[in-house]
Structures are given as C-alpha cells and as structure tokens.
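**Q** okay, structure incoming, though there's no sequence with it:
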C-alpha cells in the first residue's frame, strides 16, 4: 500500500509538471491512466480537472470535478476546483461597472447578481475546504490561495492569509514563494514580487518558473529588453521549458523582432507537443501580431484534430475573418460562437466584432446594438463609443453621432484627434456650424499639420459667414493652401481642396476690390483640373479682372 501511495504521488507530480510545461494532452492522458488504476481516488479528479482548467477547457473540468464529487462529496480539493470555476465565470468588477452605467437594465442587473453570488459561493467552498486542511500539509492552503490569485475574481488579501498559514507549515516550499510573488505582481509591487521569486531561486537555483515569473515583471512594466534577457536565461537553464520560449516569443514581438518571435513560438509548439491548446495559443499570437491570414491557416489545421467548438479558436477565427475583410465568413463564425456560448460567458470583444461585422455588411442598426452591449460589459472600452458614433454617422444620424462622441470626449480617456475630427463633421452635417468650428479648432490644436482639419474648419466658417464679408474662413483656407502646396509629393490628393480654397480666396479679394490677389488665386485655380463649366467661369472672371469694362460703357 505504501509503495502504491508513493508511486501515485510521484505520478501526480510528473503529471503536474507536464501541466506546468503546457503539455496538457499528455498530462490528461497520464491522469486518465491513473484514474483507471485508482478510480476511487477523488484527489486525482481534482488534479485532472485543474489541468483542464489550465488549458481553458472549463466545461470538461466541470465534468471531471463532478465525477470526483460523486465519489467523495466532501473532498476538500474538489471544493477548491468548484470554487475556481465559480471565480472565473463572471467578473464582479466588470458587471458592477456595467450596471453603474445603465442601472435600469435588467439583463445587466441579473448578470451582476450572478457574479456576486458566484463569488460568495466560491468563498464558502474554499472556507469549507480549508477547514478540512491537515495540520502538517500545506497543499489545501496553497491550492486555495492559487484560486484567489489566478482566477478572474481575485481576493489577494485572502490569498495572502492562506499562504501565511501554508508558510507556517513549510517555509521552504518553492510554490508558496512563487505565489507570494504572484500576489505582489498583481499589486504592481515589482520589488516585493521579485524578492519572493528570488527566494524561490535561493531554494532551487534551477527554477525556470521563478525566472520566467521575474521576466513577466519586466514585461508588465514594458521593459521588453529586460524581459527577454530573463526568458533567455530560463531557456539556457532548461531549454525544454515550453513557457519560456512562448514568453520569449512574445517579448521579441513587442521588440519588433517578428521572425525571432515566430521562431520561439514554433519551438514552444514543438516542446508542448503541438497539443491543441498550444496550437490555439499560437494562433492567438498570430492574431495579436496582425498576421490574420496565418492565424486562419493555423486554425484550419487545428480544427482537423481539435474540438471545433473550442471558444478561443472560434473567437480568433471570427476576429481574423473580420480583419481580413472576409465579412460573410466572419459573420458565420461569430454567429456559431453565439449559438454555443451562453450570454453570461460572452466577452465584450465578441459583441464588438459581431457589431463591426454587421456594420461592414450594412446591417448598421443591428451592429450598433451589439457594440452597445460590448460597451455595457466593459465601460472602460471608450474606443467602442467611437465605433458606435461612426456607425450612426454612416446612417446619417448626426445627432446620435454627436451624442456618443461627446460621451467619449467627456470621459477624457484615450481621446484622439479623429474623435474631434468626426465630431466636427457630425456638427457640420447637422448644420451646427459654430459647434463644428469649435471641434475643428481642437483638431488644429492637436494636429497643426493635418491639412483636412483646416479645410473643414474653413468650410464651417464659410457657413457662419455665408456672405464672406467678414472673411472668417479666410485664415483657415490660407492655412490649408500653405500645407497643401508644401506637400508636392502628394499633390494630387489636395486638388479638390485647393480648388475650393482658391475659389473662396479669389471671391473674398474680389469683394474687397483687391484685383491683384483675386487674379493670383484665380490663376492658381485655372491651373488645376477643372470641370468644363467651372473652367469657363474661371476664364471669364480672369478676363473681366484683366480687361475691366470702362465706366459708363
């Protein structure tokens, strides 16, 4: 019996090492074999389910946990497994923020209530598990702490208390120090986080997981050179550690070294045994690196041997189809995703891409509904307000375009020149010319070399001063002319704007009886490609100014 127990423990350790190396399928195969030999050992079902959770296969994990509970309903580890599922189902912070934006929305209220209830139930299950923890074994405390650190609804204070208890039992446990480091990484305290990762390294100088964790600290602070150095160090110690190659690939990508990044990812795939999770993660990397065609090709290969309903795969597929402007296939993929994913598990990006795809297919009103759902899920995504405004502009509903652009600008987050530019155009087409002028003035302040901003401001002022007597538009047309004439390399793109500008300025000087300047601008206009009627009028005006009819004739 003792021999069997030691053998089982060693096998679990090996299987968990496979999980850490992201060889999920090999780990699953090992657990299936272990369970086949000891089907009544409930702890095996927890470790098996935890491996499935690590590979983003929550539905299968839940089935495995439930099977374990049927054998031992009070198993402490299985309670933690169930808690992990609940903690990762819905984000309380996100659902609460969405509800605060639209407090009368029953769907958002129900979503928030479900999230709160899930977290409460998870906490109860973890408390029950911890109450059964052995006095001399830190495992339950470690697994419970990990649930609070690595899943969506984090509770770092509770995690620290659990790790304190675990450390009291086994102060030289590497896993405990790594998790302490993860807590402080989440708290953006790089110094303390690195201290704990270094403590783990003091206990085991070859702990590549500790080195990779330190590299992630650099990556989080956008020090990609420093991150790459740590990941390279991990690879030198253990070249078979797949996550180090993946992280190095992502660091290279951030450094603009795309080919090196892809080479490291291919090494990652090789080491992780090309399992489905790794291949899908590689497709995700290709999507993030904007290699959409390659991402789709990778997914086409993956679909032949992996679960065709894998949510990550369907998401990357639908997003990449959209980015490749293959809108019909994007729509098919996203609608398939929506058929199999319940409302509470849909992401803001799911609604975003569904909305953008519908808009691209000229189903603008339906697309706007989906974009608004995306924003309701994550109100920090103010970029979505620009997308919604753009869709209303496309429908020529300028008041709504103005409404959403003002909403974004008022939040003061990620406001771009394009937002003021589109706000100005919306005001312009809504015949609110003074407001358009104010918006384009902001464009001019933020991007003084952007010629179109000056042209639109000139056009707005030409409506405010419709007789041109005050010359309100004059300085803005002149600025446009200055910028356009200076860009001789791209002269053709300014033709229509220059025709308009020269025409206004010539007319203004005619009103002011300044024939010399009027002729200057008329002759500039004459040199451009004009339609026959306009050319005829310009020629006539030049002739009249050069050969005025004598008084009394």
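**A** Yep, that arrived. Predicted model only: the values in this text are computed from it and were never measured. Numbering: from 1, shown residues only.
**Q** tell me where the stretch 451-553 of the chain has helices.
**A** For the stretch 451-553 of the chain, the helices defined by DSSP state H, counting those that start in this stretch cover 451-464, 474-486, 495-511, 515-526, 532-546.
**Q** contact partners for the residue lying closest to residue 437 once chain neighbours are set aside?
**A** Excluding the flanking residues, the one nearest residue 437 by Cβ to Cβ, 6 or more residues apart in numbering is residue 460, at 4.6 Å. Placement of C-beta: from N, CA and C, glycine included. Taking Cβ atoms under 8 Å, 6 or more residues apart in numbering, we find residue 460 in contact with 424, 427, 428, 433, 434, 436, 437, 440.
**Q** wait, isn't the last one in contact with residue 420?
**A** In this case it means residue 440. Yes: Residue 440 is in contact with residue 420 according to Cβ atoms under 8 Å; the separation is 7.4 Å.
**Q** so these two - more neighbours on which side?
**A** Higher neighbour count among residue 440 and residue 420: residue 440, with 28 against 23, using other Cβ atoms under 10 Å.
**Q** once you drop chain neighbours, what's closest to the more buried one?
**A** The shortest distance from residue 440 to any non-neighbouring residue, by Cβ to Cβ, 6+ apart, is to residue 457 (3.6 Å).
**Q** give the contact list for the one you found.
**A** By Cβ under 8 Å, 6+ apart, the contact set of residue 457 is 424, 436, 437, 440, 441, 443, 444, 476.
**Q** of those residues, which belong to helices?
**A** 424, 436, 437, 440, 441, 443, 444, 476 (DSSP state H).
**Q** so how many other residues sit close to the last one?
**A** The reference is to residue 476. 25.
**Q** give me the pLDDT value at it.
**A** On pLDDT, residue 476 comes in at 97.
**Q** pLDDT score for the residue nearest to it when sequence neighbours are not counted?
**A** The shortest distance from residue 476 to any non-neighbouring residue, by Cβ to Cβ, 6+ apart, is to residue 458 (3.6 Å). On pLDDT, residue 458 comes in at 97.
**Q** surely residue 200 and residue 179 touch.
**A** No: using Cβ under 8 Å as the test, residue 200 is too far from residue 179 to be in contact (9.6 Å).
**Q** for residue 505, give me the pLDDT.
**A** Residue-level pLDDT assigned to residue 505 equals 96.
**Q** same question, residue 92
**A** pLDDT recorded at residue 92 is 68.
**Q** got it, and residue 7?
**A** 52.
**Q** could you do the one 3 residues further on as well?
**A** According to the prediction, residue 10 has pLDDT 71.
**Q** from residue 481, how far off is the residue nearest to residue 437?
**A** 17 Å (Cβ to Cβ, to the nearest Å).
**Q** what does the model give residue 455 for pLDDT?
**A** At residue 455, pLDDT is 97.
**Q** is it true that it touches residue 497?
**A** Yes: with contact defined as Cβ under 8 Å, residue 455 counts as touching residue 497 (4.9 Å).
**Q** assess the claim that residue 30 and residue 18 are in contact.
**A** Yes: using Cβ under 8 Å, residue 30 is in contact with residue 18, at 6.7 Å.
**Q** quick check: phi and psi at the residue most central in space within the chain.
**A** The centre of the chain sits closest to residue 349, judged by Cα atoms, centre = their mean, with a distance of 7.5 Å. Reported as degrees, to the nearest 10, the phi and psi values for residue 349 are phi -70, psi -30.
**Q** tell me which stretches of the stretch 151-300 of the chain form helices.
**A** Under DSSP H, counting those that start in this stretch, the stretch 151-300 of the chain gives helices at 156-169, 174-186, 190-203, 208-220, 224-237, 242-254, 258-271, 276-288, 292-302.
**Q** got the buried residues for the fifth one?
**A** In terms of neighbour count (16 or more other Cβ atoms under 10 Å), helix 224-237 has its buried residues at 224, 226, 227, 228, 229, 230, 231, 234, 235.
**Q** repeat for the shortest one
**A** Neighbour-count burial for helix 292-302, counted by 16+ other Cβ under 10 Å, picks out 292, 294, 295, 296, 298, 299, 302.
**Q** ok, and what's touching that helix?
**A** 276, 279-280, 282-284, 286-287, 313, 316-317, 320-321, 323-324.
**Q** any weak-confidence spans in the stretch 1-150 of the chain?
**A** Under the criterion pLDDT under 70, the flagged ranges of the stretch 1-150 of the chain are 1-9, 91-92, 98-103.
**Q** re the thing from before, most widely separated two among the buried residues of helix 292-302?
**A** Spatial extent of the buried residues of helix 292-302 (Cβ to Cβ) is set by the pair 292 and 302 at 15.3 Å.
**Q** please name the nearest non-neighbouring residue to residue 366.
**A** Excluding the flanking residues, the one nearest residue 366 by Cβ to Cβ, 6+ apart is residue 358, at 4.8 Å.
**Q** give me the element the one you found is part of.
**A** Per DSSP states H and E, residue 358 falls inside helix 348-360.
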